[in-house]
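*Asks:* sharing a model prediction with you, sequence too.
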Amino acid sequence: MLEARKINPTAAGYPLPQHPAGRPYSIPQAERRRRKVQLLLILATCLMLALVVVAQYSHLVILNYRISGARSDLKVMQEQVRVLELEAASLGSLHRVEQFARDELGMVDPEIGQLRVLSASRGE
């Protein structure tokens, strides 16, 4: 009865590795610990690399949002520059200056006798 309760490792289809002497091979405790530490180091390295990749992609997404915001700001500012250039051109036109001089400053055209042309020469 006790024999029936023992687990037979070869019955499950997994034969145990054998030493050349014929007895089952067992891994020493220090070797098991070393393999566990190696596995943990490999897993920790993979986790760190995955975190670095995710951090780089998130940084890339943030930079893309900043670029799109800067592009929209640039479009708004270019439109403002265009409006201001049109306004400056209209304010600097001769017709506008003449109208301002007549209406706001009260200036009038000179009469025929008020206009004189002077010339300056060194010899005279």
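*Replies:* The structure has been received and is ready for your questions.
*Asks:* which secondary structure state does G106 sit in?
*Replies:* With DSSP: H, G, I helix; E, B strand; the rest coil as the basis, G106 sits in coil.
*Asks:* so what's it up against?
*Replies:* Shown in contact with G106 (C-beta atoms under 8 Å, 6 or more residues apart in numbering): no residues. Just so you know, the C-beta spots here come from the backbone N, C-alpha and C atoms, and that holds for glycine as well.
*Asks:* next, it: phi, psi?
*Replies:* Dihedral pair for G106: phi 70, psi 30, per degrees, to the nearest 10.
*Asks:* repeat that for R116.
*Replies:* phi -130, psi 140.
*Asks:* tell me, how many residues neighbour it?
*Replies:* 6 (other C-beta atoms under 10 Å).
*Asks:* look up which helix or strand V76 falls in, please.
*Replies:* Counting by DSSP states H and E, the element that carries V76 is helix 29-91.
*Asks:* quick check, central residue of this protein?
*Replies:* L63 (0.8 Å; C-alpha atoms, centre = their mean).
*Asks:* distance check, that one against V53.
*Replies:* The spacing between L63 and V53, counted by C-beta to C-beta, to the nearest Å, is 16 Å.
*Asks:* do S121 as well
*Replies:* S121 is 84 Å from V53, by C-beta to C-beta.
*Asks:* just to revisit the earlier point, next, the angle helix 29-91 makes with whatever helix or strand comes next after the helix holding V76.
*Replies:* Later in the chain than helix 29-91, the nearest helix or strand by DSSP H and E is helix 94-103. Relative orientation of helix 94-103 versus helix 29-91 (axes from the mean of the first three to the mean of the last three C-alpha atoms, to 10 degrees): 60 degrees.
*Asks:* where does this structure dip in pLDDT?
*Replies:* For the chain, applying pLDDT under 70 flags the ranges 1-25, 123-124.
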